[in-house]
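*Asks:* Everything below, folded, please.
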Amino acid sequence: MPSSAQHAAHVVPMLLNASDGSIQLGNLPTLISPTLSLEEARIAFVTLMHGERDVGTGYHWLSLHRLSLGGAPAGISLCFHGQQLDMVTMGVSLPGATLEDGWPTQAAIDVEVAFMKRTLSAALGRKLAGGHARFDWGEAWARFDPKGFMASSGICYRPRR
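*Replies:* Sure, this is the predicted structure:
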């Protein structure tokens, strides 16, 4: 089993750019932005890929792991509609999160939502009032999803109307 120092060396930090909503993964040269295609993402992030899913409706998801956001272990899913990047969903694993039968409790979800609000607000320079903030390039959100009973956060590159 790798030591925590070895494990930390394999974690790639995520840096968000408030001016265009792009995401830099460590020192990797390819940015996650609306101009990123599905094929480019497959090649650029092959070492971070954790899964891929074509839902059969024109939407295709690539999941990346071994990331960090705000100092917490993180994972993201890139949602493409055709070849166009539509949104990036994000999740973190906070230490001490309470689980019940393997699922996060409401308290753990609330802590994750608060963490993501703080982290996204700090990174993007705008408070997520009501759980979301709009930008010229799109929208960021962090809120409780009652249907999925989970924390939901990320960036959408097409502003929702």
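*Asks:* what's the pLDDT at the residue nearest the centre of the chain?
*Replies:* Note on the chain: the residue nearest the mean C-alpha position is residue 90, at 2.2 Å, using CA atoms, centre = their mean. Looking at residue 90, its pLDDT stands at 97.
*Asks:* again, but for the one 10 residues further on
*Replies:* With respect to pLDDT, residue 100 has a value of 91.
*Asks:* before we move on, what about residue 120?
*Replies:* 97.
*Asks:* Could you do the one 4 residues further on as well?
*Replies:* Per-residue confidence for residue 124 comes out at a pLDDT of 96.
*Asks:* same deal with residue 4?
*Replies:* The model's pLDDT for residue 4 equals 41.
*Asks:* circling back: look up phi and psi at the residue nearest to the centre of the chain.
*Replies:* Dihedral pair for residue 90: phi -130, psi 150, per degrees, to the nearest 10.
*Asks:* The helix or strand hosting residue 140 packs against which elements?
*Replies:* Under the criterion of DSSP states H and E, residue 140 resides in strand 138-145. When contacts are defined as 3 or more CB pairs under 8 Å, 6 or more residues apart in numbering; DSSP states H and E, strand 138-145 packs onto helix 106-124, strand 132-135, strand 150-156. Backbone N, C-alpha and C define where each C-beta goes, glycine included.
*Asks:* Much appreciated, bye for now.
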